[in-house]
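*Asks:* sequence? don't have it. structure:
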């Protein structure tokens, strides 16, 4: 059995769809931070069969939970303080995401003006469709990597 020690302060992202932990790790730029990070891939799960888990020792407020919810809205976030879970959060798809995706419409104001933030809104929750706030360019989940900032 794999044993990963507990953290004193930070977050534990649990119930990540198997294979998505590295996507979350890279999007959150955890490779550029000095945080202690444990990535557990393909852990056994009664609910999911297999799941990933990400443990990050950091200030819990320093992690963008909207981005995490956008990548996988089924994730459970455990906030850790003093070595104990002080809060459990179930994620839902955010109604709006800012600075997570980059609009690829060359005529969009967010592509032309560098000071304008890239903002996408949830236009269809059932089909997980997000659109650019300025030009309504549709985000395609199948091309996820090219959309991330």
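*Replies:* Nice, I can see it. What you see is a predicted model; the values in this text were computed from it and never measured. Numbering: from 1, shown residues only.
*Asks:* just the helices in this structure please.
*Replies:* 21-27, 65-71, 109-112, 144-147 (DSSP state H).
*Asks:* In the first one, which residues are buried?
*Replies:* Which is helix 21-27. Buried residues in helix 21-27, counted by 16 or more other Cβ atoms under 10 Å: 21, 23, 24, 25, 27. The way it works is simple: take the backbone N, C-alpha and C, and place the C-beta from them, glycine included.
*Asks:* returning to what we had before: quick one, which of the helices of the chain gets closest to residue 99.
*Replies:* For residue 99, the closest of these is helix 65-71, at 8.3 Å, according to Cβ to Cβ.
*Asks:* same question for that closest one, mean pLDDT?
*Replies:* In this model, helix 65-71 has a mean pLDDT of 82.
*Asks:* ok, the residue nearest the centre of the chain - contacts?
*Replies:* Here the mean C-alpha position of the chain is nearest to the C-alpha of residue 68 (Cα atoms, centre = their mean), at a distance of 1.9 Å. Neighbour list for residue 68: 13, 24, 28, 75, 77, 91 [criterion: Cβ atoms under 8 Å, 6 or more residues apart in numbering].
*Asks:* quick one: which of those residues is nearest to residue 4?
*Replies:* For the contacts of residue 68, the residue nearest residue 4 by Cβ to Cβ is residue 13; the value is 13.2 Å.
*Asks:* For the closest residue in space to that closest one that isn't next to it in sequence, name its beta-bridge partners.
*Replies:* What sits nearest to residue 13 in space, not counting adjacent residues and going by Cβ to Cβ, 6 or more residues apart in numbering, is residue 54, at 4.2 Å. The residues listed as beta-bridge partners of residue 54 by DSSP bridges are residue 13, residue 39.
*Asks:* Next, count neighbours for residue 54.
*Replies:* 25 (other Cβ atoms under 10 Å).
*Asks:* same thing with the one 5 residues further on?
*Replies:* By other Cβ under 10 Å, 11 other residues sit near residue 59.
*Asks:* quick revisit: pick out the lowest-pLDDT one from the buried residues of helix 21-27.
*Replies:* Checking pLDDT across the buried residues of helix 21-27, the minimum falls on residue 27 at 81.
*Asks:* pretty sure it contacts residue 71?
*Replies:* Yes. Taking Cβ atoms under 8 Å as the contact criterion, residue 27 and residue 71 are neighbours in contact, 6.6 Å apart.
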